[in-house]
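J.: Structure for this input, please:
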Amino acid sequence: MKQRTIGDISVSAIGLGGMPMSIEGRPDEHRSIATIHAALDEGVTFIDTADAYHLAGENEVGHNELLIAKALKSYGGDTSGVLVATKGGHLRPEPGGWTQNGHPDYLKQAAEASAKRLGVDAIGLYQYHRPDPSVPYADSIGALVELLDAGTIRMAGISNADPDQIRQANDILGGRLVSVQNQFSPKFRSSEKELVLADELGVAFLPWSPLGGITNAASLGESYEAFGRIARDRGVTPQIVCLAWELAKSPYVIPIPGASRPESITNSALAADFELTPEEFAALDA
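T.: Residues are numbered from 1 along each chain as shown. Sure, this is the predicted structure:
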């Protein structure tokens, strides 16, 4: 599988988003672990999670982190090259509700708890999950600086950030910002400006819900005619075409499609080596 870079780490061009394996509607643990193992079998070496990926209102913070740690430990092959990224600062304390906590003390405690659940001495990539309007953004990013300097995390990133926040975070981190994780897909293109800025800064851009979200991914080829038409012409799925389009937008883009079945991530992984023609890319980008 083709590779891309986060910081100084080479990872697969397609990652795995762990959220569907832990939130509402999640599969049983056996199928989730089989899904992660299938990703590893396909050469996926980047897995994204968060401490907030769990059932809303349940006392199981870090469910997805624990699941990924268990899957990596039980995998029969070499996992030393796998980069696991997690996030903190976003919470699900009650059904239907998300809240933020960007207080520096909380973020540092959350990172330490995530490292323990993942079974690592230092988290490979830790990202501030979502800005907390009640806490100055600079203060929250300052916690990432402290975590880096303390060795609790190896690399730092941000999620759900606008261009000003990206620039501010990179400045506060002294140029050590390595990733921006924003929603981006054919359905949600308002993060285009953040993608372009990440490309200019040489920072990895990690589209979450790159296929349009759990409820929209299956109908992608019907909702967006060009994706369906090119998929039929090329004999692949619209999902492969979509991920290939995102990869073609910048050498710093690494989509992280969520999956809860081995077949889903096996299909998505094919996009890493699927090349669009310039004409196809232009049609999709329009």
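J.: Please list all residues in contact with the residue nearest to Asp51 when sequence neighbours are not counted.
T.: Nearest residue to Asp51 in three dimensions, chain neighbours excluded: Gly62, at 4.8 Å (C-beta to C-beta, 6 or more residues apart in numbering). C-beta coordinates here come from the backbone N, C-alpha and C atoms, glycine included. By C-beta atoms under 8 Å, 6 or more residues apart in numbering, the contact list for Gly62 reads 51, 54, 113-114, 117.
J.: Please identify which of the residues you listed is nearest to Leu83.
T.: Distances from Leu83 to the contacts of Gly62, taken as C-beta to C-beta, are shortest for Ser114 (14.3 Å).
J.: Tell me the secondary structure at the closest one.
T.: Put simply, Ser114 is helix when judged by DSSP: H, G, I helix; E, B strand; the rest coil.
J.: burial of it, as a residue count?
T.: Counted with other C-beta atoms under 10 Å, residues neighbouring Ser114 total 24.
J.: ok, Ile230 touching Phe281?
T.: No: using C-beta atoms under 8 Å, Ile230 is not in contact with Phe281; the gap is 9.6 Å.
J.: Neighbour count for the two, which is higher?
T.: Ile230 (24 against 16).
J.: Tell me how far the more buried one lies from Leu284.
T.: Plainly put, Ile230 is 7 Å away from Leu284 if you go by C-beta to C-beta, to the nearest Å.
J.: so what's in contact with these two at the same time?
T.: Contacts common to Ile230 and Leu284, judged by C-beta under 8 Å, 6+ apart, are 241, 276.
J.: Surely Ser250 touches Leu195?
T.: Yes: Ser250 is within contact range of Leu195, at 6.3 Å (criterion: C-beta under 8 Å).
J.: shared neighbours of these two, which are they?
T.: Joint contacts of Ser250 and Leu195 (C-beta under 8 Å, 6+ apart) are Phe205.
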